[in-house]
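J.: quick one, structure for this:
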Amino acid sequence: FDRLHHPAQPVGAGHHPLRRPVIAERSVGGRPGVRLGGEGIEIAPSGSMVDGQVGGNTKQVPARVPDLRGRLPPHQFEKGFLHQIGYRVRAGDPPREKPPEIVAGGKVYLSGYPSAALYAYDPSRPWTAFVAEKPWLKPLPEDQPASNPRRVAYLSHAGSGAHKMWAAALGADGKVYFGGRWYRNGEGGGLGWYDPKTQQAGGISEPFSNQQICFLTTADRGRTLVISTRPVRDAVLNKPMAKAGKLFVFDLAEGKIAREIEPVADALFAGAIAGGADARVLGLTYDPTDTAHGALHEKRSVLYSVDLASGKILFVKKLPFPVGFLTNENFDRMDGFDFQTGPDGKVWTYTGGAMEAVNPEKSWGLAYAHPALVRIDPRDGSVDVLGKVDRAGAMAFRGTDLYLSGGSKYDPLEKGQYLRRIRGIVPTAP
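T.: A predicted model of the protein is given here:
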């Protein structure tokens, strides 16, 4: 592993929230690293940027790491903006949640609370949010074309009805899609989208009034959007409570739901999903038949594959280990778990670990500890174990290297502040 150290440093006297923090380079265990000045942060890589850099989101700043060899360009967040894109904080509180994000056309799109506000951030331009040229001048309004990031839509008002988004995906049609949930008026789900070409937003909510959206992925080379849900009480349309989580297959060309699939009978959660080049999706959820373990986080996991064109369940395989996420914690995207298709066509994730209290000061906070990093062949479900890690982490691929975030939001800062790199582990071709 290479570790990039982001030490916890309290904001000291003379530090101004609009002033760029000092960047210092250091070596960690004899290896080069970079760190940010200012408050301790946790970085969660979201993927490779179009310019070859690794993009990510942290508790305090959005970050781009130039091949992890150069300096990390800092962009200081203000608490007000954090509230807009998905963090609910009071002055002085650390952000507690990570908004879903997706890279499209060289821009990073982030959406969160309230009203599923959607922002577009151009990493090639200076950061302007809450930055004024002079102390006595007002910052640029966030919806102005020159603002970076710029608020481009409220997905709640565009038809999704969702107040906060949990997941994001990029379609072959060039639109960015976000799935999340309602608050106050109900707890069902909402699907929203934004077209960067036309700058128009849209969305639907009626199909999800009793199914809360938890995960999104695309399949069939991005032509099909797959939506993973869990059943909830319908306070809007009064639909009966569903008995299981579903997969909704959304045809991007037709702009409508083509099929609903119940992948695992009686599973109150369709779970994490990952698609690829063909019209299949691989999923991971709890085993509803496991009666030996009472707590949900202790139950064995189920791996399944679905043919989206026919709706046929291709296989269901039970794994003797619990899944690496909780239904309540996974949705804020800061638990460190990941389940995604890598450049080799395999699904990269974690298994073999256990949910443990990782912080003595937060004994109620569970995280997936000591899991194995694995690749799963979506064709037959075979699991290739790559090695053991002390904690899970969100993944990003660049070349043959894999980057992992620090871990769960419950991990102590001395652990969670590391951005980790595993060199040469990613095959060069499928």
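J.: make sure residue 297 is indeed in a helix.
T.: Yes - assigned with DSSP: H, G, I helix; E, B strand; the rest coil, residue 297 falls within a helix.
J.: ok, the closest residue in space to it that isn't next to it in sequence to residue 273 distance?
T.: The shortest distance from residue 297 to any residue other than its chain neighbours is 4.2 Å, reached at residue 355 (CB to CB, 6 or more residues apart in numbering). Any C-beta I mention is one placed from the backbone N, CA and C, and that applies to glycine too. As defined by CB to CB, to the nearest Å, residue 355 lies at a distance of 21 Å from residue 273.
J.: hmm, back to that, does the residue nearest to residue 297 belong to a helix or a strand, and which?
T.: Of the helices and strands defined by DSSP states H and E, residue 355 is found in strand 354-357.
J.: and that strand, what does it pack against?
T.: The contact analysis (3 or more CB pairs under 8 Å, 6 or more residues apart in numbering; DSSP states H and E) places strand 354-357 against strand 366-369.
J.: among the helices and strands of this protein, which has the poorest mean pLDDT?
T.: Every helix and strand in the chain was compared by mean pLDDT, DSSP states H and E; the lowest is strand 23-28, with a mean of 27.
J.: each with direction, which strands does the helix or strand encompassing residue 230 pair with?
T.: Element membership of residue 230, judged by DSSP H and E, is strand 224-231. Strand 224-231 sits in its sheet next to strand 211-219 (antiparallel), strand 247-251 (antiparallel), going by DSSP bridges.
J.: tell me where the model's unsure across this structure.
T.: Within the chain, the segments meeting pLDDT under 70 span 1-99, 101, 327-334, 414-417, 429-430.
J.: which residue of it lies farthest from its centroid?
T.: Farthest-out residue of the chain from its mean C-alpha position, per CA atoms, centre = their mean: residue 136, at 37.5 Å.
J.: part of a strand, is that residue?
T.: No - secondary structure assignment (three-state DSSP) places residue 136 in coil, not in a strand.
J.: who's in contact with stretch 365-372?
T.: With CB atoms under 8 Å, 6 or more residues apart in numbering as the contact definition, stretch 365-372 has outside contacts at 297, 324-326, 329, 335-337, 350-359, 385-392, 407-411.
J.: let me fix that, I meant to ask about stretch 351-358.
T.: Outside of stretch 351-358, the residues within contact range by CB under 8 Å, 6+ apart are 297-298, 301, 319, 321-324, 326, 363-372, 374, 383, 385, 388, 391-392, 407-408, 410-412, 415.
J.: 6 Å instead?
T.: By CB atoms under 6 Å, 6 or more residues apart in numbering, the surrounding residues in contact with stretch 351-358 are 297, 319, 321, 363, 366-372, 374, 410-411.
J.: for the residues you listed, give me TSV that also has distance to residue 143 and neighbour count.
T.: Below are these laid out as TSV (distance: CB to CB, whole Å; neighbours: other CB atoms under 10 Å):
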residue	distance to residue 143	neighbour count
297	41	19
319	47	18
321	47	16
363	43	10
366	39	20
367	37	28
368	39	29
369	43	19
370	46	14
371	42	23
372	46	16
374	44	18
410	35	23
411	36	24
